[in-house]
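Chemist: sequence first, then the predicted structure:
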Amino acid sequence: MVKTTIELDEEKLKRVMQLTGIKTRKAAIDFALTEAERIAAIDSFYQKTFYVDEAGSIVDPEYDVLTQRNEDQSRFS
């Protein structure tokens, strides 16, 4: 954990807290960071190129769905 001082848009923070039902500023900021990380991970996934073999399969031969799932679960839990 890191303690820091930042300037925030107070109205935006209040709207996020109201829309999500989050009660504390700390929890709202943590929520926002988690969502930003999740969206960035999804964007990163969509920017990856896919491998197409002779048979027309669109699968990267290095891709391991179980490893990826475990990494995602540990990152977002």
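Modeler: All right, it came through fine.
Chemist: can you classify I6 as helix, strand or coil?
Modeler: coil (DSSP: H, G, I helix; E, B strand; the rest coil).
Chemist: what's the burial count for it?
Modeler: 5 (other Cβ atoms under 10 Å). The C-beta positions use only the backbone N, C-alpha and C, and glycine is treated the same way.
Chemist: how far away is it from K14?
Modeler: Using Cβ to Cβ, to the nearest Å, we find I6 at a distance of 16 Å from K14.
Chemist: show me the contact partners of the helix or strand I39 falls within.
Modeler: Secondary structure from DSSP states H and E places I39 in helix 25-47. If you take Cβ atoms under 8 Å, 6 or more residues apart in numbering as the criterion, helix 25-47 is touched by L8, L13, V16, M17, T20, I22, D72, R75, F76.
Chemist: what sits against T67?
Modeler: Contacts of T67 by Cβ under 8 Å, 6+ apart: none found.
Chemist: need the pLDDT of it.
Modeler: Note for T67: predicted pLDDT of 87.
Chemist: what sits closest to V16 if chain neighbours are left out?
Modeler: A28 (5.3 Å; Cβ to Cβ, 6 or more residues apart in numbering).
Chemist: how many other residues sit next to V16?
Modeler: Around V16 there are 17 residues (other Cβ under 10 Å).
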